[in-house]
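Q: the sequence isn't on hand, but the structure is:
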């Protein structure tokens, strides 16, 4: 079994208002060493295969079709 | 005139939409999302507002795979008229029937209030009863209404007169409640048969309830 961890975040250049709000909150708590915050989401998939190449291909297809909206979001896949 | 109104789990504006179109004299039918075909003789499909699939993953992301959407895509590709209101707009962008995407409002608030909109392009069936520059008062109620499109896409929208409405003040000057690119509230596709907007014209049908400016908008569809 392979676990695919998909991290989805807004593309660079697309304003991340949640990230901005969190950054502001961190500032208020005196965490002044933060330059930028991006908030994203993580989808964890347990795949019933041992073929890493296939797992990557399948997960990419899932990202393109539903998990991410590539108009505004980027995704990264990690297989473990 | 026959209007088919889509209903997904979580849709909640379908009965308002029925009321609006029946008030204008149209025949309406609510279509459950499991339907694989549309009623014979459908003149307009409305993807009604609400929270299809609880907005899980992204607003409209899961609804686009409902069985009925295949028929809607085919209908639209054959030139059939489709109108997406609020969550319906989100569904149509997710399905690729309209350009761009809707993201979380810049101020992160769910915004529910009447808002004035400026008519940008009336050379389409939806807004032909209005004039460019007209200001209408229509309620908005959304959390993810922040329209995004990249620069190239925006240029294309402008060149093809695809921007339908922008958020404005009562004099038609830009007033942007949610952070939308160019204050865009609604767009159509290149062929001008698929329309989407975040505001709710179906909730502006009775002056006694705040505004009847929605009548002129929805009437455009009945003229054909």
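A: Received the coordinates, thanks. Bear in mind that the values here come from a model prediction, so they are computed numbers and not experimental data.

Q: how much space separates whichever residue of chain A sits closest to chain B from residue B:94?
A: Going by C-beta to the nearest C-beta, chain B is nearest to residue A:71 of chain A, at 4.1 Å. All C-beta atoms are positioned from the backbone trio N, CA, C, and that covers glycine. From residue A:71 across to residue B:94, the span is 9 Å (C-beta to C-beta, to the nearest Å).

Q: just checking, the residue of chain A closest to chain B touches residue B:148?
A: Yes - if you go by C-beta atoms under 8 Å, residue A:71 and residue B:148 touch, sitting 7.1 Å apart.

Q: tally of neighbours for the closest residue in space to residue A:39 that isn't next to it in sequence?
A: Counting by C-beta to C-beta, 6 or more residues apart in numbering or on different chains, the nearest residue to residue A:39 once its immediate chain neighbours are dropped is residue A:18, at 4.2 Å. With neighbours defined by other C-beta atoms under 10 Å in any protein chain shown, the count for residue A:18 comes to 15.

Q: against residue A:11, how distant is residue A:18?
A: 14 Å.

Q: next one: residue B:96
A: For residue B:96, the distance to residue A:11 - C-beta to C-beta - is 18 Å.

Q: check residue B:158 too.
A: 22 Å.

Q: check contacts around residue B:190.
A: B:160, B:162 (C-beta atoms under 8 Å, 6 or more residues apart in numbering or on different chains).

Q: what's the span of stretch B:32-43, first residue to last?
A: 17 Å (C-alpha to C-alpha, to the nearest Å).

Q: so what touches that stretch?
A: B:1-4, B:6-9, B:29, B:31, B:45, B:52, B:63, B:66-72, B:75, B:80-81, B:221, B:224.

Q: which among those count as buried?
A: B:1, B:3-4, B:6-8, B:31, B:45, B:52, B:63, B:66, B:68-69, B:71-72, B:75, B:80-81, B:221 (16 or more other C-beta atoms under 10 Å in any protein chain shown).

Q: so which of the residues you listed belong to helices?
A: B:68, B:69, B:71, B:72, B:75, B:221 (DSSP state H).

Q: need the residues you listed in JSON lines (columns: distance to chain A and pLDDT).
A: Formatted as JSON lines, those follow (distance: C-beta to the nearest C-beta, whole Å; pLDDT from 0 to 100):
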{"residue": "B:68", "distance to chain A": "17", "pLDDT": "97"}
{"residue": "B:69", "distance to chain A": "13", "pLDDT": "97"}
{"residue": "B:71", "distance to chain A": "19", "pLDDT": "97"}
{"residue": "B:72", "distance to chain A": "17", "pLDDT": "98"}
{"residue": "B:75", "distance to chain A": "21", "pLDDT": "98"}
{"residue": "B:221", "distance to chain A": "27", "pLDDT": "92"}
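
Q: ok, the residues you listed vs residue B:119, which is closest?
A: residue B:221 (15.7 Å; C-beta to C-beta).

Q: quick check: that closest one touching residue B:82?
A: No - if you go by C-beta under 8 Å, residue B:221 and residue B:82 don't touch, sitting 10.5 Å apart.

Q: okay, and the common contacts of these two?
A: residue B:44.

Q: ranges for the helices of the chain?
A: Here I'm looking at chain A. Going by DSSP H, chain A shows helices at A:17-28, A:52-62.

Q: oops, I was thinking of chain B
A: B:14-23, B:67-77, B:87-94, B:151-159, B:214-222.

Q: which other helices and strands contact the longest one?
A: When contacts are defined as 3 or more C-beta pairs under 8 Å, 6 or more residues apart in numbering or on different chains; DSSP states H and E, helix B:67-77 packs onto strand B:44-47, strand B:81-85.

Q: go again with 10 Å.
A: Packing partners of helix B:67-77 (3 or more C-beta pairs under 10 Å, 6 or more residues apart in numbering or on different chains; DSSP states H and E): strand B:2-7, strand B:27-32, strand B:44-47, strand B:81-85, helix B:87-94, strand B:194-197.

Q: now that helix, how far from the chain's geometric center?
A: Computed by C-alpha atoms, centre = their mean, to the nearest Å, the chain-centroid distance of helix B:67-77 equals 16 Å.

Q: got the angle between that helix and strand B:81-85?
A: 130 degrees (axes from the mean of the first three to the mean of the last three C-alpha atoms, to 10 degrees).

Q: what's helix B:67-77 in contact with?
A: Helix B:67-77 is contacted from outside by B:4, B:6-8, B:31-38, B:42, B:44-45, B:47, B:63-64, B:66, B:80-82, B:84, B:91-92, B:94-98, B:189, B:191, B:193-194, using C-beta atoms under 10 Å, 6 or more residues apart in numbering or on different chains.

Q: now those residues: which count as buried?
A: For the contacts of helix B:67-77, buried by 16+ other C-beta under 10 Å: B:4, B:6-8, B:31, B:33, B:35, B:38, B:42, B:44-45, B:47, B:63-64, B:66, B:80-82, B:84, B:91-92, B:94-95, B:97-98, B:189, B:193-194.
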